[in-house]
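K.L.:
please find the sequence and the predicted model below.
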Amino acid sequence: FAPSAFTAKPTTALQGFSSKVFETQEVSFADTKETIVKGGRDLFPLLPKAFEGIERIGVIGWGSQAPAQAQNLKDSLAECGADIKVTIGLREGSSSWEQAKEVGFSEDEETLGEMFDVISKSDLVVLLISDAAQAKLYKEIFEAMKPGATLGLSHGFLLGHLDSIGEKFPEDMDVIAVCPKGMGPSVRRLYEQGKEVNGAGINSSFGVHQDVSGKATDLALGWGIALGSPFMFETTLRSEYKSDIYGERGILLGAVHGIVESLYRRYQRQGMSPEQAFLESSESITGNIVKIISTQGIKAVYDSLNDEDKVTFQTAYSASYKPAKEILQEIYDEVSSGNEIRTVIMHGARLDRYPVGKIDGTDTWKVGEKVRAERDEENIPLNPFTAGVYVATMMAQIDVLLEEGHPYSEVVNESVIEAVDSLCPYMHYRGVAFMVDNCSFTAKTGSRKWAPRFDYILDQLAYTAVDNGAAINEELIADFEKHTVHQAVEECCKLRPAVDISLFAETSTKEIVIQ
Ligand SMILES: NC(=O)C1=CN([C@@H]2O[C@H](COP(=O)(O)OP(=O)(O)OC[C@H]3O[C@@H](n4cnc5c(N)ncnc54)[C@H](OP(=O)(O)O)[C@@H]3O)[C@@H](O)[C@H]2O)C=CC1
Ligand SMILES: CC(=O)[C@](C)(O)C(=O)O
Ligand SMILES: [Mg+2]
Ligand SMILES: [Mg+2]
């Protein structure tokens with residue numbers, strides 16, 4: 001397999017943007033330039049201008065994103081004195097009704113109501129029901145929206161569905177997207193930490209799909225800044241849905257699950273105890289490797305190894321890169337063809353007969369509970385073979401996105417920042433299910449479908465190649481060492497404060513600061 005320095009397609013056609021309210025800045029990501037907007041609580045006084053004309057925001061749904069987005073919006077708009085009501089809209093009989101009331105939303109104050117009634121009264125509808133439900137209900141939702149209201153999405157899935165059935169959004173409607181590159185609970189947790197460390201939060205991409213009012217861009221930027229986004233980068237709904245549905249099935253959820261299961265078995269075959277095998281696989285990734293990436297970048301993992309461990313890393317990397325890339329390209333093709341969107345919709349239709357099953361019942365995660373209980377955060381190993389497999393998969397994910405024309409900001413957030421800032425800390429805290437099942441239904445189902453594929457191909461192709469003495473692929477390693485993405489990762493990491501998400505350990509009142 002002759003590695004190529006990829007033949008990048010022209011970057012996904014970003015429209016480019018300007019703001020009448022916020023300061024934009026140009027950043028250099030490798031050999032490209034992009035315009036971004038830095039966030040921070042100091043910008044909250046600008047929110048009333050960004051939300052000009054908006055009196056009521058309807059946040060529809062109460063899954064992973066809505067609790068975070070609704071509370072962050074409510075707090076931010078209150079802080080800047082904007083007289084804007086945030087109302088939660090839920091389906092009749094929703095089991096989430098009480099949860100919304102527990103955090104202060106109420107029917108009496110007209111901040112909690114039936115979803116279509118709330119939609120009909122909202123100037124900005126933030127649609128945070130599941131993607132499968134959006135695909136099922138979009139006609140009723142569009143009909144319920146009042147004239148001049150803006151539709152706000154946090155994922156481009158609905159456009160992907162409309163594309164596949166030859167439908168469009170109503171032409172008289174502003175359609176914007178603000179897509180946090182992190183799970184809902186981390187959007188809320190880091191927002192709260194942002195009260196101490198200005199700018200802490202989860203980055204968001206934003207897109208303006210339709211701008212009838214001429215105000216869509218600044219409303220999108222204001223929404224993202226009110227969520228606590230450290231910085232916002234431009235995307236299009238199509239670029240976002242392809243990269244997001246792909247990314248969550250890849251290194252963010254599916255691949256990391258498959259990598260851990262395959263290595264956990266391999267290390268035990270090689271004689272390790274179950275506990276040691278968990279330490280050298282899952283703990284090594286979530287407790288060591290991602291911490292280095294979060295503060296020093298991907299290549300720092302490799303550079304931190306001694307000569308002998310570098311050879312182990314190179315061996316694992318050389319054997320894993322192509323098998324991982326083969327599955328990743330298949331995922332990308334399944335997503336961009338519309339197949340994976342149909343899969344998610346069909347899965348949604350089966351839910352009542354086949355509810356989503358648990359994924360932490362295996363020996364791996366039972367042993368993981370025990371290891372976590374005895375964990376010494378300061379002495380978690382960095383297994384060089386695990387590092388080679390994990391980094392090869394991360395780099396393969398990056399290369400597919402670059403080859404498919406996605407901008408570096410989207411590539412790095414979807415393949416690196418989200419893993420280290422949002423998702424892996426949750427896997428470190430309470431295992432793979434706690435991470436995956438705090439994500440969207442679209443991600444939950446996709447991760448379950450693709451994790452076994454990574455597990456299988458690594459076991460069948462990568463590890464057997466290593467056991468049969470496959471040579472190190474010097475060109476692949478050279479490609480990795482000089483890859484353009486390392487500068488882009490460094491730039492992205494500089495654009496957000498190096499705050500570590502902090503999660504409260506259920507087993508103690510001590511707050512664990514996960515690096
Ligand atoms: N999860 C995440 O962190 C991220 C999600 N997103 C996007 O945000 C959006 C919301 O995702 P997420 O927060 O994960 O929510 P989920 O995908 O987990 O969906 C659960 C929510 O959908 C509602 N729902 C399901 N079926 C219906 C229906 N038939 N009618 C009305 N409501 C229904 C549920 O209502 P009820 O409460 O009544 O059961 C619940 O509130 C999606 O577009 C997703 O892709 C974007 C970035 C990150
Ligand atoms: C959390 C997030 O960004 C995901 C994985 O894309 C999702 O939950 O859909
Ligand atoms: Mg995502
Ligand atoms: Mg997603």
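P.N.:
The structure has been received and is ready for your questions. Ligands and ions are numbered 1, 2, ... in the order given.

K.L.:
give me the below-cutoff pLDDT ranges for this protein.
P.N.:
1-12, 504-515 (pLDDT under 70).

K.L.:
so which residues on it come close to ligand 1?
P.N.:
Neighbours of ligand 1 within the chain, by C-beta under 6 Å from any ligand atom: 61-66, 90-91, 94-96, 128-131, 133, 154-155, 157, 179-180, 183-184, 439-442. To be clear about C-beta, it is placed using only N, CA and C from the backbone, and glycine gets the same treatment.

K.L.:
what helices or strands is the helix or strand that contains Lys139 leaning on?
P.N.:
Using DSSP states H and E, Lys139 falls within helix 131-144. With contacts defined as 3 or more C-beta pairs under 8 Å, 6 or more residues apart in numbering; DSSP states H and E, helix 131-144 has these neighbours: helix 115-121, strand 124-127, helix 157-165, helix 339-350, helix 441-457.

K.L.:
what pairs with the helix or strand that it is followed by, parallel or antiparallel?
P.N.:
Next helix or strand after helix 131-144 toward the C-terminus (DSSP H and E): strand 150-153. Strand 150-153 pairs in its sheet with strand 124-127 (parallel), strand 174-180 (parallel), by DSSP bridges.

K.L.:
okay, strands next: where are they in the protein?
P.N.:
With DSSP state E as the criterion, the chain has strands at 25-29, 32-38, 56-60, 85-90, 112-114, 124-127, 150-153, 174-180, 204-210, 231-234, 502-504, 511-513.

K.L.:
now for Val59: which residues touch it?
P.N.:
Contact analysis of Val59 by C-beta atoms under 8 Å, 6 or more residues apart in numbering lists 66, 69-70, 73, 86-89, 126, 128.

K.L.:
start to end distance for stretch 407-424?
P.N.:
Stretch 407-424 has its terminal residues 23 Å apart, counting by C-alpha to C-alpha, to the nearest Å.

K.L.:
and Glu403, how close does it get to ligand 4?
P.N.:
In this structure, Glu403 and ligand 4 are 21 Å apart, going by C-beta to the ion, to the nearest Å.

K.L.:
look through this structure and state the residue closest to ligand 1.
P.N.:
Gly63 (2.4 Å; C-beta to the nearest ligand atom).

K.L.:
wait, that residue sits on Leu128?
P.N.:
Yes: contact status for Gly63 versus Leu128: in contact at 6.6 Å, counting by C-beta atoms under 8 Å.

K.L.:
re the thing from before, now, of the residues of the chain next to ligand 1, which are buried?
P.N.:
Buried members of those, counted by 16 or more other C-beta atoms under 10 Å: 61-66, 90-91, 94, 128-131, 133, 154-155, 157, 179-180, 183-184, 439-442.

K.L.:
hang on, the earlier thing: okay, the strands paired with strand 150-153 in TSV with distance to Glu34 next?
P.N.:
Below are the strands paired with strand 150-153 laid out as TSV (distance: least, C-beta to C-beta, whole Å):
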stretch	distance to Glu34
strand 124-127	25
strand 174-180	16
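
K.L.:
mind putting those into a markdown table with distance to ligand 4?
P.N.:
As requested, the strands paired with strand 150-153 are arranged in a markdown table below (distance: least, C-beta to the ion, whole Å):
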| stretch | distance to ligand 4 |
| --- | --- |
| strand 124-127 | 14 |
| strand 174-180 | 8 |
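
K.L.:
as JSON lines, those strands with distance to ligand 2 would be great.
P.N.:
Converted to JSON lines, the strands paired with strand 150-153 look like this (distance: least, C-beta to the nearest ligand atom, whole Å):
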{"stretch": "strand 124-127", "distance to ligand 2": "14"}
{"stretch": "strand 174-180", "distance to ligand 2": "7"}
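
K.L.:
out of those strands, nearest to Gln193?
P.N.:
Gln193 sits nearest to strand 174-180 of all the strands paired with strand 150-153, at 15.0 Å, using C-beta to C-beta.
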